[in-house]
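> Take a look and give me a structure for this.
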Amino acid sequence: MKLEKVPSNKVPLSEMIGPVADEDPGLPGAQDKNDYLQYRDMEPDELEQYWSKPFSVKSHMGYWGYPVGERVRMTHSPEDFNTKPDSVRSLISQFFLDESLVTRFVELNSLEHEKGLDFFSMDRGLFLCFLFENIGPRLAQVFQPHIEKLVGSPEESQQRAAAEMVYGVVRGLRFWDYKSAQQAWCWLLPVFQQVLNSVTLETQQDWDYCFSGASNKADPNRLRPMLELLVTPENLVSQGAFKESSYLLFVTNCLSQNWKVRELYIRTYNILRSHWDHPYNNVRHHIANTLATLLAMDIPLRGANRQDWNVGKGFPTKKMFIDEVIPMLNLHYHNPEFSKDETPVSGTTTPLIKEDTPNTSSEDVSMTTDTEDEETKKSNRILETVSLWIQTQIRVSSATISTEMFRILPYLCQFIGTETDQDVSQSCLQALCYLSVVILSDHAIQPMLDMCKKIAQSHSYKTKMSLLEYIQVSVFTNFPKVVINSHYREQVQSLVLNMLQDENLSVRQKASKVLGGLLHSGFIEQNETSKLLVSLRSLIRPKMTRRGKKFKKQNVNEVEDNAKDKSILHHSGILGLCAFVEAFPYDVPEFVPPILMELSTHLNDPQPIPTTIKKSLQEFKRTHQDNWQEHKSRFTEDQLVVMTDLLVSQNYYA
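Below is the predicted model:
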């Protein structure tokens, strides 16, 4: 059949676009010079005229120039499908134009081979596509009653067979003349409508393959009836949960990576923008997937002479979406860094949150309200949609993330660990994980650090805990880019050290672990390490004032009124020194023995200092006991005596 297929009617590319200059193709993406390839609204007369012109089904053509010597297709006339009586194509046509033989063919192809494992076959679909391309409109008339019968059947195998046949018809009519194609669409549209009204969980995947495959490698203007049927407000968000999710699935796969349907991207976005807070969880997942497809074209190009270029010119952008949803989200805690226009959806100010008392890890009162008003629930559902979108956007896109996405970080951090809404909490956690493992571009690191510094001003300890987790993973994911820039290193170090002095015990402990990771990896340079040690020791050593020939401890009243609680600063110094000890689990640098000696002098300090030191000493013993004979050479005799007292349990001798 391939050897005897209908000869393609091709003409030079210049007949479609005019003279092609052999020059630099310029910039990629949707722009004025390839606007004629875009899907657009046409009157019937205009569409008929368009149909008679040359066209291309290759999706890459025109996106970034044109191949040299390329030829484009013209539609087949009805006479092109005439065959010679003794040709192979004639024999095949005779078989498939025989209604009794086609009935038997359809019957065999609609049999169920194995329950639950009978899926859409792309091989059969392409075979049928080839038949409709080479036999022409007459074959569609033969298959029409069989397709209409199979679509109305509740049997899964018959729905699968119908999907394969519809796929073949739609793919084949791309090359028919205008009149024949419109005649086919007249009966295909009711078929599609019946499919969309009766799709089930078992047949959803088969019709998904049909819709996505039919729209692939096609001129979208020649699929206008199908696309117009799918992208309507009535079909997308006016059905039940399953039907709406099915519509969204079909639309997403039809539009995916298709830069020629900008109008449909915009229309779909405008339909969905009032449904970010859809009440059904399953539909919100599909809205997020669709949204990731709609915003996937927003890819800025950077480099020489490309500062302001975006390959998705005219498409919905991530900034547009985030600007729209930020006012709808709700910050459940007070943070002076964020303006009032980015607070609750209800328009009322969020009450100030009681600060946690020092050295406690009590539950955030901001997240334990007994009742939630409707506006709060709406805000939470929107946040879940945004979180799901972030996950899908990062997963499906090969481009780096937009710096605008960092504006969502404060809302993600606040929900992690909350028990009021587990679905939102899990979505936020997963979104934060995706954001933390993204490899950032050079221009995105500073905005990320700026946002982290703002979030650190929160009154919620859970937010700070989530932020430290994010910083830890994000910094090490982008370690080369961050560590090579001293300005970035200083900001990360300053941020972690500030969190080390936080009023909440859990935050201080987590900051100590992060600091240990920075020390272990060499993120903090050696000269900075010495300065850091001096700074940490100054927090745990009492300040002395000279009075004549004697030195006395500084009077508590002389401490500035706005200074942090001395016990917190003291504990932060201990945690910082413990981070130095734990940062080198299989080695003993020269500064570790003096640190251990200094820690031993604070075992009788108020809690939680002794507990912190004991945990650090236990960790040191665990990681160094295998090679202790080698490690103890780093200690003096006096230091070894102290270490023996510290590491050997006194209860052993009791």
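
> list the helices and strands the helix or strand harbouring I568 packs on?
Under DSSP states H and E, the secondary-structure element containing I568 is helix 566-582. Using 3 or more Cβ pairs under 8 Å, 6 or more residues apart in numbering; DSSP states H and E as the contact criterion, the secondary-structure elements in contact with helix 566-582 are helix 486-500, helix 505-520, helix 526-540, helix 592-600, helix 609-624. C-beta: built from backbone N, CA, C; applies to glycine.

> Mind doing that once more with 6 Å?
When contacts are defined as 3 or more Cβ pairs under 6 Å, 6 or more residues apart in numbering; DSSP states H and E, helix 566-582 packs onto helix 505-520, helix 526-540, helix 592-600, helix 609-624.

> Mind listing what's buried along the third one?
To tie it back to what came earlier, the one meant is helix 592-600. V592, P593, I595, L596, M597, E598, L599 (16 or more other Cβ atoms under 10 Å).

> Strands of the protein, residue ranges please.
If DSSP state E is used as the criterion, the strands of the chain fall at 10-12, 71-73, 300-301, 309-310, 544-547, 550-553.

> still on that earlier bit, same list as before, the buried residues of helix 592-600 that is, but in a markdown table and with pLDDT included.
Rendered in a markdown table, the data for these read as follows (pLDDT from 0 to 100):
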| residue | pLDDT |
| --- | --- |
| V592 | 86 |
| P593 | 87 |
| I595 | 88 |
| L596 | 86 |
| M597 | 87 |
| E598 | 85 |
| L599 | 85 |
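
> so where's the chain shaky on pLDDT?
Across the chain, the stretches falling below the confidence threshold (pLDDT under 70) are 1, 19-25, 116, 236-238, 303-307, 332-334, 337-372, 417-419, 542-564, 648-654.

> Determine the longest helix present in it.
With DSSP state H applied, the helix covering the greatest number of residues in the chain is identified as helix 374-396.

> Just the residues contacting that helix, thanks.
With contact meaning Cβ atoms under 6 Å, 6 or more residues apart in numbering, helix 374-396 is reached by 276-277, 284-285, 287-289, 291-292, 325, 328-330, 345-346, 408, 411, 421, 424, 427-428, 430-431, 434, 438.

> pull the CA atoms of that helix into CSV?
Taking C-alpha atoms only, helix 374-396 is exported to CSV below (Å, rounded to 0.1, in the frame of the first residue of the first chain):
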residue,chain,number,x,y,z
GLU,A,374,-15.7,30.1,53.2
GLU,A,375,-13.1,32.6,52.1
THR,A,376,-10.4,30.7,53.8
LYS,A,377,-11.5,27.5,52.2
LYS,A,378,-11.5,29.2,48.9
SER,A,379,-8.0,30.5,49.5
ASN,A,380,-6.7,27.1,50.5
ARG,A,381,-8.2,25.5,47.4
ILE,A,382,-6.5,28.1,45.2
LEU,A,383,-3.2,27.5,47.0
GLU,A,384,-3.6,23.8,46.3
THR,A,385,-4.1,24.5,42.6
VAL,A,386,-1.1,26.7,42.5
SER,A,387,1.0,24.1,44.3
LEU,A,388,-0.1,21.4,41.8
TRP,A,389,0.7,23.7,38.9
ILE,A,390,4.2,24.3,40.2
GLN,A,391,4.9,20.6,40.4
THR,A,392,3.6,19.9,36.9
GLN,A,393,5.3,23.0,35.4
ILE,A,394,8.7,22.0,36.7
ARG,A,395,8.1,18.3,35.8
VAL,A,396,7.1,18.9,32.1
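
> tell me which residues of that helix are tucked away?
For helix 374-396, the buried set under the neighbour-count rule, 16+ other Cβ under 10 Å, comprises 376, 378-394.

> With stretch 442-462 instead?
Applying a neighbour-count criterion of 16+ other Cβ under 10 Å, one finds 444-445, 447-449, 451-452, 454-456, 458-462 buried in stretch 442-462.

> Next: stretch 96-105.
Neighbour-count burial for stretch 96-105, counted by 16+ other Cβ under 10 Å, picks out F96, V102.

> ok, now stretch 618-634?
F620, T623, H624, H631.

> Identify the residues contacting the second one.
What it means is T623. Contacts here follow Cβ under 6 Å, 6+ apart; on that basis T623 touches P585.

> just the first one next, same as before
The neighbours of F620, taking Cβ under 6 Å, 6+ apart as the test, are V581.

> any idea how far it lies from P589?
13 Å (Cβ to Cβ, to the nearest Å).

> so Q639 makes contact with P593?
Yes - with contact taken as Cβ atoms under 6 Å, Q639 and P593 are classed as touching, separated by 5.2 Å.

> I'd say F120 and D206 touch.
Yes - the pair formed by F120 and D206 meets the contact definition of Cβ under 6 Å, at 4.4 Å.

> distance of the nearest residue to M297 once chain neighbours are set aside from A30?
Distances taken as Cβ to Cβ, 6 or more residues apart in numbering put G312 closest to M297, at 3.1 Å, once the chain neighbours are dropped. In this structure, G312 lies at 7 Å from A30, with Cβ to Cβ as the measure.

> before we move on, what about H285?
Plainly put, H285 is 28 Å away from A30 if you go by Cβ to Cβ.

> Please enumerate the helices of the stretch 351-500 of the chain.
According to DSSP state H, counting those that start in this stretch, the stretch 351-500 of the chain carries its helices in the segments 374-396, 409-415, 422-436, 442-455, 461-477, 479-483, 486-500.

> Just the C-alphas of the third one, formatted as CSV.
Extracted C-alpha coordinates of helix 422-436, given in CSV (Å, rounded to 0.1, in the frame of the first residue of the first chain):
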residue,chain,number,x,y,z
GLN,A,422,-3.9,17.6,54.7
ASP,A,423,-4.4,17.8,51.0
VAL,A,424,-3.2,21.4,50.8
SER,A,425,-0.3,20.6,53.2
GLN,A,426,0.9,17.7,51.1
SER,A,427,0.6,19.7,47.8
CYS,A,428,2.6,22.6,49.3
LEU,A,429,5.3,20.2,50.6
GLN,A,430,5.6,18.6,47.2
ALA,A,431,5.7,21.9,45.4
LEU,A,432,8.4,23.1,47.8
CYS,A,433,10.4,19.9,47.1
TYR,A,434,10.2,20.6,43.4
LEU,A,435,11.3,24.2,43.8
SER,A,436,14.2,23.3,46.0
